[in-house]
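K.L.:
Give me a model of this one.
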Amino acid sequence: MRRCIRCEDWKDESEFNIRDSQKGYLQSVCISCQQKDSRDRYANDPEYVKERNRLARQKGKDRARQFVYEYLSSGSCIDCGETDIAVLTFDHVRGKKRFGIF
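P.N.:
This next block holds a predicted model:
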């Protein structure tokens, strides 16, 4: 059992999100209070929330793009030895190609 610092109710640990999975820490505010806070924040200033979410999505896309670039530029294809990242894909066609990409 764990006590939420927002509603001050004692709840099962399954009603709290994980803060640090490696250390086993849970957040101090229960899931239902977090959801209520999110709804209130959106109701009070929806444009701010939308902009913040847009920036977070863009940051995630940028991180993914950087990861793929670093992954492709760090070595060569294990099948053919190609090193030019402009022509690398994640897998070669082995055998007969079944579907086209449009």
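K.L.:
what's the nearest residue to residue 26 if we skip its chain neighbours?
P.N.:
residue 16 (4.2 Å; Cβ to Cβ, 6 or more residues apart in numbering). Quick note: C-beta positions are derived from backbone N, CA and C, even for glycine.
K.L.:
Return the distance of residue 35 relative to residue 12.
P.N.:
In this view, residue 35 and residue 12 are 16 Å apart by Cβ to Cβ, to the nearest Å.
K.L.:
cool, residue 82 as well?
P.N.:
The value you get for residue 82 to residue 12, if Cβ to Cβ is used, is 53 Å.
K.L.:
Contact partners for residue 12?
P.N.:
By Cβ atoms under 8 Å, 6 or more residues apart in numbering, the contact list for residue 12 reads 1-2.
K.L.:
Mind pulling up the pLDDT for it?
P.N.:
The per-residue pLDDT reported for residue 12 equals 96.
K.L.:
go on, residue 97?
P.N.:
At residue 97, pLDDT is 69.
K.L.:
Now do the strands in this structure.
P.N.:
Ranges of strands within the chain are 2-3, 10-11, 16-20, 25-30, based on DSSP state E.
K.L.:
and the second one, which strands flank it?
P.N.:
What it means is strand 10-11. strand 2-3 (antiparallel) (DSSP bridges).
K.L.:
Show the average pLDDT along the partner strand.
P.N.:
96.
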